[in-house]
Each structure stands twice: as C-alpha cells, then as structure tokens.
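A.B. asks: attaching a predicted model along with its sequence, questions to come.
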Protein chains: 2
Amino acid sequence: MLTYDLSKFEGPLYQRIYEAVKRDIHEGKLTSGTKLPSKRALARNLGVSAITVENAHDQLIAEGYLVARPRRGYFVAEVEVAKRPARTIERELRIEKPRRDWAFDFSSNKTESANFPFSVWAKCLRDAMTRRKNDLLETSPCAGVLELREAIARHLASFRGMAIDPDQIVVGPGAEYLYGLLVRTMGRDKIFCVENPGYKKLRKIYESFGVDCRLARVDDRGIIPEELRESGADVAHISPTRHFPTGTTTPVSRRFEILAWATETEGRYVIEDDYDSEFRMKGRPLPSMQSLDPDRVVYVNTFSKSLASTIRIGYAVLPPELIERYYKRLSFYSCAVSTFEQYALAAFIGRGYFEKHINRLRLHYSRKRARVLETVRGILPETNCRPIERDSGLAFILKLSTERSESEIKEELASQGIRIETISDYDAGDSGEYRNQFLLNYSNLDETRLEGALRALREAL
Amino acid sequence: MLTYDLSKFEGPLYQRIYEAVKRDIHEGKLTSGTKLPSKRALARNLGVSAITVENAHDQLIAEGYLVARPRRGYFVAEVEVAKRPARTIERELRIEKPRRDWAFDFSSNKTESANFPFSVWAKCLRDAMTRRKNDLLETSPCAGVLELREAIARHLASFRGMAIDPDQIVVGPGAEYLYGLLVRTMGRDKIFCVENPGYKKLRKIYESFGVDCRLARVDDRGIIPEELRESGADVAHISPTRHFPTGTTTPVSRRFEILAWATETEGRYVIEDDYDSEFRMKGRPLPSMQSLDPDRVVYVNTFSKSLASTIRIGYAVLPPELIERYYKRLSFYSCAVSTFEQYALAAFIGRGYFEKHINRLRLHYSRKRARVLETVRGILPETNCRPIERDSGLAFILKLSTERSESEIKEELASQGIRIETISDYDAGDSGEYRNQFLLNYSNLDETRLEGALRALREAL
C-alpha cells in the first residue's frame, strides 16, 4: 500500500502528496501502468480528506504523471523521467558587464537628474491614469497612439518647420529599435552606409540585423558625397544637424549634394539622425533635410537628450512610399512603448511643457558650457589645449598637444577612475586624422570634480 | 541695394531678414559669390539694428547660405538650390489600418480596465519618482535593472519552482522584441519551428528577421516530436503550458520527448513561451520545461496578461551558453524599457502586489468563465454547441454544428459589428482538422452584450 511521511514535504497537504507521488515516479519506484489505490483508501491511509487526495491527483493528471480511466481508477502514465531529474545550473556565468564605477566621466551622456522635470512628468502621468483609464489599456496602434503622433507633428511643424502627416510617424522605444524597423521596412538586401568617424554602435546595430553596412568618411561639411557614392550604399545614415563626435554641421550646399545622390537611383534613402537638434544654443534650429526632400529622407529623433535617455521613446518620420510599406509589412508588430508613457508624453508636449523644458535646458546648458570652458582654460594652458566648439550640442572637443599616445593618456586617467574618450575611438580604421582630440561631454559633467579631473588630464599629457 | 518689405514675412525681425535672403538665394536672385552690403548699411536700409542683421547673418551662415570672409564681408555661398525648393508631400497616404470599431469582439485579448490595479501601480510609480530620482535617470543595464531581474527571479522561484540567476534574465518591451533578440543571439542561420495551428504572428516575426521558420503540427499533447524532427529545425518555439489556440497542455512525457530532440544535436534549443501560465484556475501552476533542462530551454514570459498588454514588459531566461553570447554580442544595445516602469514593476512584484493581483484575477476570471459558460449553454443548445475548456487560460473553444462555412458565419457576424475567430484562422494551410471550432476569449468580454452576440451567432449557424 502506497504511504508517505508527509511531514518530510513542504506546503499544503495536497501539494505534499503531489510531490511524494511525483518523486516516486521520477525515481522509478512507481512505474508506468501501475494502478494507484483508490482515492478513499489513500486518503484513509494518509489521514487526510478525499478532497485533498483528489486535488493532488488533479495536479498530477494536469502535468501528465497520472491518467484517470473512468470507472477503473488512476494509473501512472508513460513517463520516461528517471534519467532526467529537474536540474539547476551549477556553473558560474561568465558575463562581462561594462565598468560603471567611474569617479569622473568626461564622456557620460546621461541626463542630469536635476534637469528632469519630475513634478511635471508625474503630473502628466497621473492625469493620464486618472482621466484616461480606458485609453491606457486600449492596444496602441502599431505606430503609436494618435494623440502622441499628432503632438509630435505639431512640435516638428513649429520647431523644425516640417509639414508632415501624423500618419507618417512611427513611435518606438528608442532610436535603436527604430533603426531595426527601418531595416525591416527597407529590406535587409539594401546596403547601408554610416559616417566615419561616428557612433560605432550604429554599424553594430545594422550588422546585428544581417545588413551590409559600409563606411564613408566625413570632412568639415559632413559626409563626403564621393565616398558615399563609392561605398555602393542604398541608404545613407547621417547626422547633418550636428555630427557626432566632430560637431560638424552640414551646410545647405552639401545637403543638396547628398540629396542629389539619393535621387540618382530608385530606392535610395537618407536617414537623418537628428539626435540633438534641440541644443543649438544660438539662433533658430536649422531646417531639417526631411523638409528639403520628404520623399527621400527618413527623419529620426528621440527624447533621450531632450527629456531623459531612460524614458525610451523615439520616433521616425517616413516618406509616403516607406510608411505604406511599413503598414503593409510590419503592422502586425505591437507598438513597443507603454501607452502610459505615450499619453504622458503627448500631454507633456501638447500642453507646452516640452517647449518650456527645452528652453530651460538650452539656457542651463549654454551657461554650463561657458563655465566649463572657463574652467578648462584656467587649467589647461592655451598653448597645449584648443577647445573646438560650435555653439551647439552637448559636447565639444579638446585638441591637446602631447607627445604621449592617446591610449597612454586614457589608461593613466582610467587608473584614477576617470573616463575620457577621443575622436579616434569613433574612427574605424583610425586614420590618425583626429589625433589628440579628446571629447568633453558636459551635459552630465560633475562640475565640483571637473577641476580635479582636468588637473589629472594635464598631468597625463 | 538689397532691400526687403519685411512686413511680408512672419516672426521676429531677424527671422524675416533671414527668410528674405534665403528666398532670394533659392530663387536665384542672389547668386553664388555675390557680396552682401555691410551689416551697418543693410541695417540702415531696413530700419533695424545692426544686431538684428547680425543675427540673421549668423543663421544664414550656420545653414550654409552665406560665408563670412574676415575683413571682406559676407558672400553668398555656392548653393545649388534653385531647382529644389523645400517640398511637402501632396498625395494622400495609402495606409490600411486594422478595423477597430467592433461592437462586440469574441476574440479581444486586451486587459479589462476594471482589472488593472491603477491605484497600486500609481503608488509604485510615484514612489519610484520620489525616492529614486537618480536611479531612474541612470542608464539601465542592457538586460534591465537588477532590482527588477531579482524580483522576477524570486517570483519564478516561488511561483514556478525555477532556480535561476537574475543574470540569466533579459528584460525587454514585450515578447515580440525578445524573439528578435533571441534570433540575433542564436544566429539568423538557425532554423526555427513554430506550432501549427498557432499564433501566425510568430512566424511573421521570425521571417521579418530573415529567419527560415517552419511549422510542425500539434496534437492533443502539444507539438508532435516527429514533425519537429522532420522540420529540420534547430529551435522549437512552443507553448507547453497552454497552447494557443487549442488550449492543450503538454504532459510531462511529451515534454521529455521534446527535450530529447533538443539534446540530440549540439546547438538545439526550445523556446518555452509561457504567455499565460498564471491563469491555471485550479491547483498549482505547472512546472516549467525550463526547470527540466535549464541548458536547452529559453523561458519567455510577459506581464501582458497578468498586468496589462499596454505596459510593454516581458523577459526571457536564457541558458548559460546563450546569456553569455548575448552579453558578448548584443550588450551594446540599450535596454528598451523605461527605467520608470522597470522600477515600478520591481516594487509591484517585490512588495507582494503582483501575487495578490494574480490571485484576484484568477478568482475573477474563474467566476467570469463560469458565468460566460452558463450564458453560452443557455443560448446555444447542447446539441449543436460543445464548449472545449480545460480549466486554464483566458479562452475556450466552442465546437459548433452547422452546415455553413466558417467564413460565411464570420462575415455575417462582421456585418453586425461582431468579431469572431476560429481555430482554422490559426492553422496554416488549413488542414480542416479544426472545422467549426470558434474561439471565445472571455478576458475582456462585455458580459452585458454577450447574450445578444450569442443570439447573432446562433442565427448565423
């Protein structure tokens, strides 16, 4: 007769019986086809109620350990388990995570927490949650909720002079995600081209999608059209407003040269990566390339710099041909941004908070930039340090005179917990063209520690 | 002498001058190389201050329309623009959006707003925003914030008996996103296999990544191992807890057969899609396949059913080999889920709200299921309607007797604004095996309109 010491198991009684029978099947003590005692007999034997046994049996049946045969009783199912007990992983994971403990970081581009509008954002979220309960739980259209796309379209109209239809917009959780969507919309057979120097991540992203991604060099006017043409690319991914890391703005004549390249052959596109156009410190924002040729240019922007990089919302404005293809091919994908944050952002933009926020940030950053430049000039003598800056963006370049190699300097600083990057870090194949140009991203710079870090840099030269 | 009627333009004075000069360059009235009058002369002529002219010039220089030559003055740059004025899109977009105006939907799987814990969620969000300002703006590790991964690991330990390391978890904005990450981690050269019938979207997703995705039929025990073997697949994407749309649970013996397939050859994996394991109405949740073979099984789940489909958070538990490859190959990707919602969810799980919420939902849904079944039985006579349900999941099947075709019935209902789906809709190649099996997803069913919809269904039979 089947019996168990239930005190050796944990949990409610039915679960103990379940565990006991399962263990016996796993260990081969109860073999396939064995008939179990009747529920009543087993209950009496274990000193529990028949219901308890029934619950245990139901669980064992649901998992496939037992089968119930009407009017004949419970039998052990055909389960070949003895060889394969449940297992856990025993070895240590070998995972390399990026270093995060820098005492000072010249390259950080995260948002300063003092600059995030917590109370206004909380208000926008709270309003959405109290006033629009149903909307929040309604599945978002694949391209994002209409209210947000309308708010973005109005913002682009007034801020960038772009006349677009909200239906041309696709909202996604950050630009990286949108690049992947663009690859799938345009086709993986297209050849992409990115700027060199430039964000190395971009090329990695395209390559992770199995796309042939090539490089074209930039000069002081942006990507070089001849290089672009020679690359054999179909799609040019560029940042004409402010190139990273050099800070170059592409003048209108070069823009037209690039657009001429795009219209030479059917199926060519320009992806205009407008990642920090909000931070032109003087004058009006530059017009977008999208407004020069809305049929050939995909415009991509995010709220990473202008709101927070940790609220993952970006958007792309697609030319008619591509947006139609997107809806045809990819509209089965769910929108990957929470509706809660989509509605909060729609309100944030729509009620004018976003514009105020950007204006406040521009003022804050232009003052901070001036202070940082002053501190730099106070510590690094003009003879061996020339800042290269263009009144826009949240970073500038320090061109330093030194006999030491960039990697020696970086290593020496790293040993003191200080992180610094050079333009060469972003130059595939390292042409040497940008020797000793160090990046200073001041958006999240800790000014209280800047002097110390600059002194360490001076020592390292 | 250059002069303009500034009243014909809009905006601040400097902007009017900028627009006027730009228009003249666009229209070819000012040609490349032309010297502009001195700032002072132009200012006098237009009746504005020299600063205003300077601001206009700065903008024109920034955009590349003018060049400044020190001590010589301002000249029109080489800009070939006359042929290409700024344009907007003139034609209508041809976009087909899915119909969203159903009066009644037998197939909706969105969350009922009455079931979303608004006040608790708001509290978790608010707490995160007041107590953890800095954490919220700190870039999330690529796999998600540790606190959330730890909370998920503890939940899986207590709820699913899974012993995993939080570092095996990758958090992403929904399961669809995670499938894409898995493709890129495993390699696009792998052959995937999905269940037939099953979510058609799954195959579309794999194919959108350029992956060869095959089908294997399911029987009443889940995916058929022989079909899986014959498909030539390397990766089997299955839902053993509850297959959609048939509702089948894969018994332990079949699970071991599938795992035997996975271990036959190096590099084979099972993706265990556990999308609604929380909704087993009786007994304990079934053990996961992941716990049977943590080296071969990737476990994927989301909070779509258990919290809301519109808060896009899902996660995958990867075997050691794959998680190490993920960190090596893909850790340059940013985590695509907002840190605000990651911390809110970590608190929601960690403080026990999630467990309470699921228990409440299970009770709610099992009562609703009983009421819905009763209504069904009251309107559709037993002779031509047999409900197929298995005490789990948020949907069941109505097997109906009718001489009419499924599409006739669906069309007739659609003309009344009622949406219904059949198992055949999910059967690629439509084997006819599931004839007249209609899906009834009751999770978001409007009970006040159910009787009317069922009567319409009865009429249509």
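C.D. replies: Structure's in. What do you need?
A.B. asks: I'd assumed residue A:397 was in contact with residue A:388.
C.D. replies: Yes. Residue A:388 sits in contact with residue A:397 when judged by Cβ atoms under 8 Å, with a separation of 4.1 Å. C-beta: built from backbone N, CA, C; applies to glycine.
A.B. asks: mutual contacts of these two, please.
C.D. replies: Counting by Cβ atoms under 8 Å, 6 or more residues apart in numbering or on different chains, the residues touching both residue A:388 and residue A:397 are A:247, A:437.
A.B. asks: more neighbours, the two?
C.D. replies: Ranked by neighbour count (other Cβ atoms under 10 Å in any protein chain shown), residue A:388 and residue A:397 place residue A:397 first, with 21 against 13.
A.B. asks: does the more buried one belong to a helix, a strand or coil?
C.D. replies: Secondary structure assignment for residue A:397 (DSSP: H, G, I helix; E, B strand; the rest coil): strand.
A.B. asks: my guess is it contacts residue A:439. True?
C.D. replies: Yes. Between residue A:397 and residue A:439 a contact is recorded at 6.3 Å, counting by Cβ under 8 Å.
A.B. asks: joint contacts of these two?
C.D. replies: Counting by Cβ under 8 Å, 6+ apart, the contacts common to residue A:397 and residue A:439 are A:245, A:423.
A.B. asks: what about the helices in the stretch 51-200 of chain A?
C.D. replies: According to DSSP state H, counting those that start in this stretch, the stretch 51-200 of chain A carries its helices in the segments A:118-131, A:133-137, A:146-160, A:175-186, A:200-208.
A.B. asks: for those, give me TSV that also has distance to chain B.
C.D. replies: Shown next, in TSV, are the helices of the stretch 51-200 of chain A (distance: least, Cβ to the nearest Cβ, whole Å):
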stretch	distance to chain B
helix A:118-131	5
helix A:133-137	5
helix A:146-160	10
helix A:175-186	5
helix A:200-208	5
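A.B. asks: just these: most buried one?
C.D. replies: Mean neighbour counts were taken over these using mean count of other Cβ atoms under 10 Å in any protein chain shown, and the top value, a mean of 23, falls to helix A:175-186.
A.B. asks: now that helix against helix B:175-186, angle please.
C.D. replies: For helix A:175-186 and helix B:175-186, the angle between their directions (axes from the mean of the first three to the mean of the last three Cα atoms, to 10 degrees) works out to 80 degrees.
A.B. asks: angle of helix A:175-186 against helix B:200-208?
C.D. replies: Helix A:175-186 runs at 90 degrees relative to helix B:200-208, counting by the same axes, to 10 degrees.
A.B. asks: what helices and strands are in contact with helix A:175-186?
C.D. replies: For helix A:175-186, the contact count by 3 or more Cβ pairs under 8 Å, 6 or more residues apart in numbering or on different chains; DSSP states H and E identifies strand A:169-172, helix A:200-208, strand A:269-273, strand A:297-302, strand A:314-317, helix A:320-330 as packing neighbours.
A.B. asks: in terms of secondary structure, what does the last one contact?
C.D. replies: With contacts defined as 3+ Cβ pairs under 8 Å, 6+ apart, helix A:320-330 has these neighbours: helix A:175-186.
A.B. asks: distance between the helix it packs on and the chain's centre?
C.D. replies: The chain centroid and the centroid of helix A:175-186 are separated by 12 Å under Cα atoms, centre = their mean, to the nearest Å.
A.B. asks: okay, it in PDB with CA atoms only?
C.D. replies: Coordinates of the C-alpha atoms in helix A:175-186 are reproduced here as PDB (Å, rounded to 0.1, in the frame of the first residue of the first chain):
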ATOM      1  CA  ALA A 175      16.200  55.100 -32.000                       C
ATOM      2  CA  GLU A 176      18.000  51.800 -31.900                       C
ATOM      3  CA  TYR A 177      14.700  50.000 -32.100                       C
ATOM      4  CA  LEU A 178      13.600  52.200 -35.000                       C
ATOM      5  CA  TYR A 179      16.700  51.500 -37.000                       C
ATOM      6  CA  GLY A 180      15.700  47.800 -36.800                       C
ATOM      7  CA  LEU A 181      12.300  48.700 -38.000                       C
ATOM      8  CA  LEU A 182      13.700  50.700 -40.900                       C
ATOM      9  CA  VAL A 183      15.900  47.800 -41.900                       C
ATOM     10  CA  ARG A 184      12.900  45.500 -42.000                       C
ATOM     11  CA  THR A 185      10.800  48.100 -43.900                       C
ATOM     12  CA  MET A 186      13.500  48.900 -46.500                       C
END
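A.B. asks: residue A:235 is in contact with residue A:269, isn't it?
C.D. replies: Yes. When contacts are counted by Cβ under 8 Å, residue A:235 is listed as touching residue A:269 (4.9 Å).
A.B. asks: return every residue with contacts to both of these two.
C.D. replies: residue A:186.
A.B. asks: contacting residues for the nearest residue to residue A:67 once chain neighbours are set aside?
C.D. replies: Using Cβ to Cβ, 6 or more residues apart in numbering or on different chains and skipping residues adjacent in sequence, the residue nearest residue A:67 is residue A:77, 4.9 Å away. Listed by Cβ under 8 Å, 6+ apart, the contact set of residue A:77 reads A:32, A:64, A:65, A:66, A:67, B:251, B:252, B:253.
A.B. asks: can you report phi and psi for the third one?
C.D. replies: Pointing back at residue A:65 there. Dihedral angles of residue A:65 (phi, psi; degrees, to the nearest 10) stand at phi -80, psi -30.
A.B. asks: what helix or strand is the closest residue to it other than its chain neighbours on?
C.D. replies: Take residue A:65 and drop its neighbours on the chain: the residue closest to it by Cβ to Cβ, 6+ apart is residue A:25, 5.4 Å away. Secondary structure from DSSP states H and E places residue A:25 in helix A:13-26.
A.B. asks: can you list contacts of the next helix or strand after that helix?
C.D. replies: Downstream of helix A:13-26, the next assigned helix or strand under DSSP H and E is helix A:39-46. By Cβ under 8 Å, 6+ apart, the residues outside helix A:39-46 that reach it are A:1-4, A:6, A:17, A:36-37, A:49-50, A:52-54, A:57, A:74.
A.B. asks: could you do stretch A:251-268 as well?
C.D. replies: The set of residues external to stretch A:251-268 that reach it, using Cβ under 8 Å, 6+ apart, is A:190, A:221-223, A:225, A:228-229, A:234-236, A:238, A:240, A:250, A:269-270, A:289, A:292-293, A:296-297, B:63-65, B:77-81, B:84.
A.B. asks: buried ones among the residues you listed?
C.D. replies: A:190, A:221-223, A:225, A:228, A:234-236, A:238, A:240, A:250, A:269-270, A:289, A:292-293, A:296-297, B:63-65, B:77, B:79, B:81 (16 or more other Cβ atoms under 10 Å in any protein chain shown).
A.B. asks: keep only those of the residues you listed that are in strands.
C.D. replies: Counting by DSSP state E, those place A:222, A:223, A:235, A:236, A:238, A:269, A:270, A:297 in strands.
A.B. asks: how close does residue A:425 sit to chain B?
C.D. replies: 14 Å (Cβ to the nearest Cβ, to the nearest Å).
A.B. asks: coming back round to it: just the buried ones from the contacts of helix A:39-46, in PyMOL syntax?
C.D. replies: Selecting only the buried members of the contacts of helix A:39-46 in PyMOL, with burial defined as 16+ other Cβ under 10 Å, works like this:
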select buried, chain A and resi 2+4+6+17+36+37+52+53+57+74
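A.B. asks: which of the contacts of helix A:39-46 sits closest to residue B:274?
C.D. replies: Lowest distance from residue B:274 to the contacts of helix A:39-46 (Cβ to Cβ) belongs to residue A:57, with 24.0 Å.
A.B. asks: having no further points to raise, I will conclude here.
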